[in-house]
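Novice: Okay, predicted coordinates and the sequence, questions at the end:
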Amino acid sequence: MSNEKMRVLDLLDAGKITADEAAKLIEAIGTSYSFMSRDARDNVEEKLNSFTKEVTKFAKEVGCKVQDLYKEVEPKVKKASQNALEKCAAALDNLAHNVGESLEENCCEGEECCCDEEKAENENKKN
């Protein structure tokens, strides 16, 4: 079996390509290299390997930079999220307070109010 086909099978084994991709590559290797001399095929393979190494190196560098960026941004995102959460909680407390006051004001509209009894009980409990 040729080096090219072994390389494709190694990529498949490593999970870097799917079985369909491997089949297509092996088929392409069989047809595309048939017109080339052995030296030309070796040259193409060498360039392909060099390209693969460069892409792998680039991917690792990008991965490291993304990781560094994440480490830098993570505390800022957490702080912004905490601030937003605190502001939402304060707004909800304010809304609940305003709704409660509005309900108390419009509770029984001049009639004897059941809320008066609850207020008196709460004041007695405090004292």
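Specialist: Received it, and whenever you're ready, just let me know what you need. Residues are numbered from 1 along each chain as shown.
Novice: how near is the residue most central in space within the chain to L25?
Specialist: Nearest to the mean C-alpha position of the chain, by C-alpha atoms, centre = their mean, lies Y70 at 11.2 Å. Separation of Y70 from L25 (C-beta to C-beta, to the nearest Å) stands at 34 Å. C-beta: built from backbone N, CA, C; applies to glycine.
Novice: Per-residue pLDDT of the residue nearest to the centre of the chain, please?
Specialist: Model confidence at Y70, given as pLDDT, is 93.
Novice: same deal with C107?
Specialist: Taking C107 on its own, its pLDDT is 64.
Novice: who touches A19 in this structure?
Specialist: By C-beta atoms under 8 Å, 6 or more residues apart in numbering, the contact list for A19 reads L12.
Novice: mind checking how far it is from T56?
Specialist: Look at A19 and T56: by C-beta to C-beta, they are 22 Å apart.
Novice: max-length helix in this structure?
Specialist: Looking across the chain with DSSP state H, the single longest helix is helix 38-105.
Novice: for it, packing partners?
Specialist: helix 3-13 (3 or more C-beta pairs under 8 Å, 6 or more residues apart in numbering; DSSP states H and E).
Novice: got any ranges where the chain has weak pLDDT?
Specialist: Across the chain, residues meeting the criterion (pLDDT under 70) sit at 1, 31-36, 105-120, 122, 126-127.
Novice: do that again at 80, thanks
Specialist: Within the chain, the ranges that satisfy pLDDT under 80 run 1-2, 28-38, 41, 100-127.
Novice: measure stretch 30-49 end to end?
Specialist: Between the opening and closing residues of stretch 30-49 lies a distance of 18 Å (C-alpha to C-alpha, to the nearest Å).
Novice: Right, I'll call it a day here.
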